[in-house]
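[1] Structure, please.
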Amino acid sequence: MTRTRALLVAAALCGALVGCTPNTTPDPNSGGCSTTGTTVTCLNIWYSNGTATNSQIVRPLGDDLKPVIIFVHGGGWESGSFNASDLANGPLVQGAWEGTHVRREVDRGYAVMAINYRLVDDLEDLSTKAPGAVLDVKAAVKWVKTNGPAYGLDPSRIALWGHSAGGHLVTLAASSVNVDPSWEPPGSASSEVDTVLSFAGVYDFNAPVSDSVDTRNQASKYLRCAIPGANIWLSACTDLPATWASPINHVSRPGYKIDHLMLVTSQGYLPSTGDGVIRREQSDNYSTALSLASRPYSSCDNAIAGGSVGHFSFGNCDTAVDAFLDANFPT
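    Numbers count the residues shown, from 1 in each chain. Alright, predicted model coming up:
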């Protein structure tokens, strides 16, 4: 697709969506984008027509198209968002601790698109159950491939990065490409992405998910059935060993499109419980399945001597993350 056509498509799409204002001229201050120093920020960019599918784009200043990291926040599939009201550190997602790590990559030459997505806070809305938010992640990928150049984003270089529930969503999105029409959002562009970073994700709903009842309840809401140990009125799940909602069940299937995968965990909190929120069986089981299927991956255990920094901070793996991106997703 030519740049001119991409701009026209972006303008046409945004014309139908409230709050979407494309940067269709060389001036980054026009069309909803503004410049602070060497950074361009575009607020409230709607990548789909869902009720929560808006995003924030932050990228380095420049005329060249930037490789883009689509960031998917955590929050137990139930809560969380990027914080568009505080731009001092770029895209802030689920609080400044996530934004700090993401912002580092903007400084290193990457564009970041931090997305909101449908949440399971309303159980009567059946569209929010699995695959639910996975469709939104895929829609964001398709949007960048179709409209990215209008915002300085390279449609041929897209990575997914998620934390916690977001780690589950990005891994599942990139390993379930074209598995079924109901698992793909509208649009002719492919949802395929070959580079994924997952921090403290959930990969296997058939294994212990968490020692937290709240987290088990959140997972149950996403599945719309109660996993073991949940305290919720939903009926018990009956297909956990084979559910498509578990990324582990796609490792050996043709829909798995991840050539470059990084798993960041924090397994030193307690030997049995992982990072204090997500059980270590999640990353252990997934790593084993990847190895058995000869799927390449990198990993970083964020634990520190004598304990762990837990579920919410991953500074001990920043160097490893940078090295992974430099090797597999260079600017």
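
[2] what comes up buried for stretch 50-59?
    Of the residues in stretch 50-59, 50, 53-59 count as buried by neighbour count, 16 or more other C-beta atoms under 10 Å. Where you see a C-beta, it was placed from the backbone N, CA and C, and this is true even at glycine.

[3] and the spatially most central residue of the chain, how far is that from residue 168?
    Central residue of the chain (C-alpha atoms, centre = their mean): residue 72, 3.0 Å from the mean position. Distance, residue 72 to residue 168, using C-beta to C-beta, to the nearest Å: 9 Å.

[4] which residues of the stretch 1-150 of the chain score low on pLDDT?
    1-32, 82-101 (pLDDT under 70).

[5] hang on, I meant the stretch 151-300 of the chain
    Those would be 267-274, if you go by pLDDT under 70 across the stretch 151-300 of the chain.

[6] Could you list which residues are in contact with the residue lying closest to residue 201 once chain neighbours are set aside?
    Once flanking residues are discounted, residue 201 sits nearest to residue 167: 2.6 Å by C-beta to C-beta, 6 or more residues apart in numbering. Going by C-beta atoms under 8 Å, 6 or more residues apart in numbering, residue 167 touches 72, 74, 198-202.

[7] now do residue 39
    Counted by C-beta under 8 Å, 6+ apart, residue 39 has contacts 58-61, 90, 106.

[8] How about residue 78?
    So residue 78 contacts 119-121, 165, 218, 221-222 (C-beta under 8 Å, 6+ apart).

[9] go with 7 Å
    119-121, 218, 221 (C-beta atoms under 7 Å, 6 or more residues apart in numbering).

[10] Would you mind checking the residues you listed for buried ones?
    119-120, 218, 221.

[11] Name the nearest of those residues relative to residue 301.
    residue 218 (24.4 Å; C-beta to C-beta).

[12] right, and the helix or strand after the host helix or strand of that closest one?
    Assigned by DSSP states H and E, residue 218 belongs to helix 213-223. Of the helices and strands lying after helix 213-223 in sequence (DSSP H and E), the nearest is strand 260-265.

[13] contacting residues around that following strand?
    For strand 260-265, using C-beta under 7 Å, 6+ apart, the contacting residues are 194-200, 274-275, 283, 287, 297-302, 314, 317, 321, 324, 328-329.

[14] mind listing what's buried in the strand ranked longest in the chain?
    Looking across the chain with DSSP state E, the single longest strand is strand 153-163. Neighbour counts over strand 153-163 (16+ other C-beta under 10 Å) mark 153-155, 157-163 as buried.

[15] Just flag the most distant two among these.
    Largest pairwise distance in the buried residues of strand 153-163, by C-beta to C-beta, is 24.5 Å, between 155 and 163.

[16] intersection of neighbour lists for residue 72 and residue 168?
    By C-beta under 7 Å, 6+ apart, no residue touches both residue 72 and residue 168.

[17] mind listing the strands for the stretch 1-150 of the chain?
    Assigned by DSSP state E, counting those that start in this stretch, the stretch 1-150 of the chain shows strands spanning 33-36, 39-46, 54-60, 66-72, 82-83, 92-93, 111-115.

[18] returning to what we had before: which one of the buried residues of stretch 50-59 sits closest to residue 130?
    residue 50 (15.6 Å).

[19] In strands only, show me the contacts of strand 260-265.
    195-199, 298-301.
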